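Student: I'll drop the sequence and a predicted model, then ask my questions.
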Amino acid sequence: MTTLAASRRVPPLGGLNPTLLGLEVRRLLRNRRTMIITLVMPVAFFLIFGLNPDYAGESAGNGNVSAYVMISMALYGAMIATTSGGAMVSVERASGWSRQLRLTPLAPGVYILVKVLVAMMLGLLAVGVVYTVGAFTSVHMDTSLWFATALITWLGSAVFAAFGLFMGYLLPSENVMQILGPGLAVLGFAGGLFMPLQDGSVWASIAQFMPTYGLSQLVHAPLTGDAMQWTWPVNVAVWLVIFVGGAAWRFQRDTERV
């Protein structure tokens with residue numbers, strides 16, 4: 001009995017360690033479809049729409065239109081990456097892997113933390129790939145903005161890591177990414193990520209309630225020079241709370257089943 005208790009004793013940091021992180025990263029990187037959607041598709045969209053000679057070189061605040069499109073595609077890639085990373089819990093629940101992990105000393109909260117960290121790593125990779133391609137093309141903006149916009153894009157994508165976790169616990173594994181992939185594209189259009197919103201239009205009013213709206217405005221503001229509105233960070237914070245709360249609720253329900 002003593003031996004069993006000792007074997008189940010929670011290790012330091014709840015079991016969080018580089019080996020576990022490395023294992024999770026390798027498992028995600030082996031998913032070829034996720035890698036193509038996350039890393040290839042945003043770059044392809046940038047090359048198609050961001051380098052169009054009809055408008056690519058036009059001014060867009062502190063840079064050009066190519067820079068605006070690059071930022072949009074980097075955020076879109078980060079959204080897909082972090083959502084995919086979080087939604088992997090759905091597949092692991094279906095395969096029984098999450099149940100197996102609960103038989104180990106790994107703390108349940110650490111399991112969620114690892115998913116978020118891995119999702120954010122993939123998001124950083126998505127942003128880096130798009131920005132690297134942009135650096136070798138016609139993208140032009142102030143040097144400081146390369147770092148500022150990339151950082152805001154990456155940190156802001158944490159909202160969609162929480163979204164992916166929530167959906168991963170809510171949706172069946174066989175449908176999760178088939179639903180989330182098109183869903184993210186719709187959210188991108190609805191929140192004004194792919195094209196600027198016309199002030200005063202009905203669509204602009206609706207867009208303010210989308211989870212992509214505040215983040216899209218925040219990542220583009222350093223380039224366009226627009227003054228920050230208080231509604232932007234509030235939009236991000238509200239949706240983050242909703243997604244984190246939803247993920248916590250579903251995680252608790254899932255834990256009670258074991």
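Tutor: Yes, it's here. Residues are numbered from 1 along each chain as shown.
Student: How far off centre is the helix or strand harbouring Ile71?
Tutor: Remark: Ile71 resides in helix 65-95, with elements defined by DSSP states H and E. On the basis of CA atoms, centre = their mean, to the nearest Å, the separation between the geometric centre of helix 65-95 and that of its chain is 4 Å.
Student: Over to stretch 31-47?
Tutor: 14 Å.
Student: With stretch 228-242 instead?
Tutor: Relative to the centre of its chain, stretch 228-242 is centred 16 Å away, using CA atoms, centre = their mean.
Student: quick one: Leu113 from Leu180, how far?
Tutor: Computed with CB to CB, to the nearest Å, the distance linking Leu113 and Leu180 is 21 Å. All C-beta spots, glycine's among them, are computed from the backbone N, C-alpha and C.
Student: Looking at these two, which is more packed in?
Tutor: The residue with the greater number of neighbours, taking Leu113 and Leu180 and applying other CB atoms under 10 Å, is Leu180; the counts read 24 against 15.
Student: The residue nearest to Ala126 when sequence neighbours are not counted: neighbour count?
Tutor: Spatial nearest neighbour of Ala126, chain neighbours left out: Gly77 (3.6 Å); criterion: CB to CB, 6 or more residues apart in numbering. The local packing count at Gly77 equals 30, with neighbours defined by other CB under 10 Å.
Student: does Leu193 sit in a helix, a strand or a coil?
Tutor: Classification of Leu193 into helix, strand or coil gives coil, according to DSSP: H, G, I helix; E, B strand; the rest coil.
Student: do you know how far the residue nearest to Ala126 is from Phe251?
Tutor: The separation that Gly77 has from Phe251, given CB to CB, amounts to 26 Å.
Student: Could you do Met41 as well?
Tutor: In this structure, Met41 and Phe251 are separated by 29 Å, where distance is defined by CB to CB.
Student: Give me the more crowded residue out of the two.
Tutor: Remark: of Met41 and Phe251, Phe251 carries more neighbours, 20 against 16, as counted by other CB under 10 Å.
Student: mind checking which helix or strand the more buried one is in?
Tutor: helix 231-256.
Student: how much distance is there from that helix to the middle of the chain?
Tutor: Here the centre of mass of C-alpha atoms in helix 231-256, compared against the chain's by CA atoms, centre = their mean, lies 14 Å away.
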